[in-house]
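Undergrad: Below: sequence and its predicted model.
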Amino acid sequence: MSELELLGGSPSPGNRRGGKDRENGDSSSGKGNCGSDSENVKGSGNDNGNGGEGLVSGCYSEKSNGSGRRSSGRGDRGQRPKLSSTADSGWIEEIHRSYLSRQRRTSAAVLTVQLLLLAAFIGLWEAAGRLRWIDPLLFSYPTKIASLLASSSLDGTLWPHVGITVAETAAGFLLGTLVGTALAALLWWFPFLARVCDPYLVVFNSLPKVALGPIFIVALGQGFMSILAVTLTMTVIVTTIGIYNRFRDMEPGLVKVVRLLGGSRWQLFRLVILPGSFPVIISTLKVNVGLAWVGVIVGEFLVAKEGLGYLIIYGFQVFNFTLVLSTLVVIAAAATLMYQGVALMEKRLVAGGRDS
């Protein structure tokens, strides 16, 4: 035995392998909690170099049993919990069906009450006229009005008057809306012009439009143009004031975003101001339906020789109040149809905006 062996400085080959295995085991246990020293020594007992494989397999099993739980925990944190999409969709569909059912019941209840009120009014009116609670010469009664409408419809005397008045009303309605919207856009584009015109718009809107009728008759003659002018005075100013106020009061945040992004004034108007004002424009259309009918009837009172307004004046002149009331019924029905058309257009525009 040499001096070096006595001092322990030259280990045997087996000790060298064992030391290496222990070093490997310590390093493996430091990284992955590979197991005890005895297991590492057992894995390194083979002289053919398979000790490393034993250590690797031991570490792998320990990682899968021990630290594998931590790695799987990290994986679980990275994954979202899976929900039952079928159950969620069924729950949402059930809520939607319940909401639609409530809406249908509410609409049916509203329609039922409306029809009941109308039936009660007609029945009370009929009874009052036949029982002489009211003067039937002045107020007539529903069956008499219906008989006159049926006879005038069958002999064709009613429809020319209806067609002329509806055409004049549609022209005044469309032109009033377009001109009013254009003026509102012009005032928004030029704020200085808006400040100049503001008091004049207020004064002109407060004027009695019927008083302007004779002026239009003298200037434009007795005919379609004077009636259209009266209708435009009823619709243009209201449209201009309402839509301009909406243009001016658009959400400041949207306007600032477009300006910060370098958008031009035209882009601001086309992308923000005009689309954001669609609800107000539709509401103005609904108001203009009634105003256009009022303007046309007033114009026909003054100058027309045909039309529903002319029938009303003629009925007063010959003291035929049944004719007057039947004409008012026709006007109410036509105005209701026009209003419902505007409401249907509003629904389609809103639905198209949501889909886009």
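TA: Everything's here; your move.
Undergrad: my read: residue 307 touches residue 298, true?
TA: No - the criterion here is CB atoms under 8 Å, and residue 307 misses it with residue 298 at 11.5 Å. Using the backbone N, CA and C atoms, a C-beta is placed for each residue, glycine as well.
Undergrad: How about residue 311, nearest residue that isn't a chain neighbour?
TA: residue 327 (4.6 Å; CB to CB, 6 or more residues apart in numbering).
Undergrad: Could you list the buried residues of the helix or strand that neighbour falls within?
TA: Using DSSP states H and E, residue 327 sits within helix 321-355. By neighbour count on 16 or more other CB atoms under 10 Å, the buried set for helix 321-355 is 321-328, 330-331, 334-335, 338, 342, 346.
Undergrad: which one among these gets closest to residue 201?
TA: Among the buried residues of helix 321-355, residue 342 lies closest to residue 201 (CB to CB), at 24.1 Å.
Undergrad: can I assume that closest one is in contact with residue 283?
TA: No - in this structure residue 342 lies outside contact range of residue 283 using CB under 8 Å: 9.6 Å.
Undergrad: related to what we said a few turns ago, quick one: residues contacting the residue nearest to residue 311.
TA: By CB atoms under 8 Å, 6 or more residues apart in numbering, the residues touching residue 327 are 308, 311-312, 315.
Undergrad: hang on, the earlier thing: who has more neighbours out of residue 307 and residue 298?
TA: Using other CB atoms under 10 Å, the more surrounded residue of residue 307 and residue 298 is residue 307, with 27 against 19.
Undergrad: who's in contact with the more buried one?
TA: 161, 164-165, 168, 296, 300.
Undergrad: quick one: which of these is nearest residue 144?
TA: Checking the contacts of residue 307 against residue 144 with CB to CB, the nearest one is residue 161 at 19.5 Å.
Undergrad: what sits against residue 246?
TA: 276-277, 280-281.
Undergrad: Ok, residue 225 next?
TA: So residue 225 contacts residue 216 (CB under 8 Å, 6+ apart).
Undergrad: In this structure, where is pLDDT below threshold?
TA: 1-88, 351-356 (pLDDT under 70).
Undergrad: And it, what are its domain boundaries?
TA: Split into domains by the TED database, the chain comes to 100-127, 154-353.
Undergrad: Is it possible to get CSV of these that adds distance to residue 133?
TA: Below are those laid out as CSV (distance: least, CB to CB, whole Å):
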stretch, distance to residue 133
domain 100-127, 7
domain 154-353, 16
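Undergrad: Quick check: which of those is buried the most?
TA: domain 154-353 (a mean of 17; mean count of other CB atoms under 10 Å).
Undergrad: looking at the domains of the chain, which is closest to residue 140?
TA: domain 154-353 (4.4 Å).
Undergrad: Need the nearest residue in space to residue 217, chain neighbours excluded.
TA: Using CB to CB, 6+ apart, the closest residue to residue 217 is residue 226 (5.0 Å).
Undergrad: nope, residue 180 is what I was after
TA: Of all residues not flanking residue 180 in the chain, residue 239 sits nearest, at 2.5 Å (CB to CB, 6+ apart).
Undergrad: what about that neighbour, which SS state?
TA: Counting by DSSP: H, G, I helix; E, B strand; the rest coil, the backbone at residue 239 sits in helix.
Undergrad: mind listing what it touches?
TA: 176-177, 179-181, 183-184, 284, 288.
Undergrad: what separates it from residue 282, distance-wise?
TA: Separation of residue 239 from residue 282 (CB to CB, to the nearest Å) stands at 12 Å.
Undergrad: same check, this time on residue 345
TA: 8 Å.
Undergrad: what does residue 185 give?
TA: As judged by CB to CB, residue 185 and residue 282 stand 16 Å apart.
Undergrad: Nearest to residue 157 among the buried residues of helix 321-355?
TA: Of the buried residues of helix 321-355, the one sitting nearest to residue 157 (CB to CB) turns out to be residue 323, at 10.8 Å.
Undergrad: Work out for me the element the closest residue to that closest one other than its chain neighbours sits within.
TA: Leaving aside its sequence neighbours, residue 323 sits nearest to residue 315 (CB to CB, 6+ apart; 3.7 Å). Under the criterion of DSSP H and E, residue 315 resides in helix 308-317.
Undergrad: looking just at contacts, which helices and strands does that helix meet?
TA: Judged by 3 or more CB pairs under 8 Å, 6 or more residues apart in numbering; DSSP states H and E, helix 308-317 is in contact with helix 159-189, helix 278-303, helix 321-355.
Undergrad: Next, the angle helix 308-317 makes with the shortest one.
TA: Angle of helix 278-303 versus helix 308-317, following axes from the mean of the first three to the mean of the last three CA atoms, to 10 degrees, is 40 degrees.
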